[in-house]
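Trainee: need a 3D model of the sequence below.
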Amino acid sequence: MGSVKNISAPPQRAPLAEKRFESAEELQRIGHIVREAVLQCYRPDSCVGSTRILIAVLAHYDIRSVQLPVQVAVYNAAFSLGVKRLRQLPREDPLSRARIKRRKGGARAILIGYGSDVPFHAGWDGHLVAWVPNRKIIIDASIDQASRPQHSINLPRCLVLDGADSRFAKGSLPLCAEHDGSVLRYDAAPNNLAYIESPDWNTQSGRRHEIFMDTLERSIAAVNDCYEDRQARHQDDESDLISSLPQ
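Mentor: As a prediction, this is how the structure comes out:
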């Protein structure tokens, strides 16, 4: 299958590339911007393409991240109502609970990556996120594919979860979060490397490379525009404050 290569920064740095984005909110905003750009050219279930571009965008701003295959279980509020102490659930729990996902009461669960080995031409049975080791966070820039509004599962374009230390990355501990009433559980699956056969990962040449570079450049431009707008608003607020002070 070949070795796995981490993604490095591509295009030439923009004027704002030296600016650092420190907070989880800023990183989530970057992920949201990337996802918006990705959805113009990629399918909604394009976790591989979204993560590949996100890693390159983060590298452009000197934020080191690496790709990490995971499994994701999403429970709506009705399903997770009786779930307690999520971090202590056994790894098999999402599978066993999935068998009751159509029980009365509206309980539903969405599972990604919990099946058996599936060749990529039939769809990769996994999910890919960006892991920022020094911040101990993961950035999931395609979790919106698990949204099911008809079942009260409403997820954003991007989620940032903290607590992703080396134990999580090795698959020893799950990472759990709650969003809008739904509960999400992530389990790292570091040995599920079939995504490297995806055309969304192998973008060195041809049309895929053109799409990748175009999406990457649009993402970086959008991040810069967002930062400039924020800076302009901040300067306007400072000017208003100064003008309101007694002379």
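Trainee: which ones are touching residue 110?
Mentor: By CB atoms under 8 Å, 6 or more residues apart in numbering, residue 110 lies in contact with 72, 73, 74, 146, 148, 153. Using the backbone N, CA and C atoms, a C-beta is placed for each residue, glycine as well.
Trainee: correct me, but residue 129 touches residue 140?
Mentor: Yes. Using CB atoms under 8 Å, residue 129 is in contact with residue 140, at 4.6 Å.
Trainee: need the residues touching each of those two.
Mentor: Counting by CB under 8 Å, 6+ apart, the residues touching both residue 129 and residue 140 are residue 186.
Trainee: circling back to that earlier point, so which of the contacts of residue 110 is the most crowded?
Mentor: Compared across these, residue 73 has the highest neighbour count, 27 neighbours, by other CB atoms under 10 Å.
Trainee: hmm, residue 108 and that residue touching each other?
Mentor: No. Using CB under 8 Å, residue 73 makes no contact with residue 108, being 11.3 Å away.
Trainee: and the closest residue to residue 44 other than its chain neighbours, its phi and psi?
Mentor: Closest residue in space to residue 44, ignoring its immediate chain neighbours: residue 145 at 5.0 Å, by CB to CB, 6 or more residues apart in numbering. Torsion angles at residue 145 (phi, psi; degrees, to the nearest 10) stand at phi -70, psi -20.
Trainee: identify the residues contacting residue 145.
Mentor: 44, 45, 47.
Trainee: turn the residues you listed into CSV, including neighbour count and secondary structure.
Mentor: Output for the contacts of residue 145, formatted as CSV (neighbours: other CB atoms under 10 Å; DSSP: H, G, I helix; E, B strand; the rest coil):
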residue, neighbour count, secondary structure
44, 13, coil
45, 15, coil
47, 30, helix
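Trainee: out of the residues you listed, which is nearest to residue 216?
Mentor: Closest approach to residue 216 among these (CB to CB): residue 47, at 16.4 Å.
Trainee: wait, that closest one sits on residue 146?
Mentor: No. In this structure, residue 47 is not within contact of residue 146 by CB under 8 Å, at 10.1 Å.
Trainee: give the buried residues for the longest strand belonging to the chain.
Mentor: Secondary structure of the chain per DSSP state E: the longest strand is strand 66-75. By neighbour count on 16 or more other CB atoms under 10 Å, the buried set for strand 66-75 is 67, 68, 69, 70, 71, 72, 73, 74, 75.
Trainee: quick check: which element contains the closest residue to residue 42 other than its chain neighbours?
Mentor: Excluding the flanking residues, the one nearest residue 42 by CB to CB, 6+ apart is residue 49, at 4.6 Å. For residue 49, the element it lies in under DSSP states H and E is helix 47-60.
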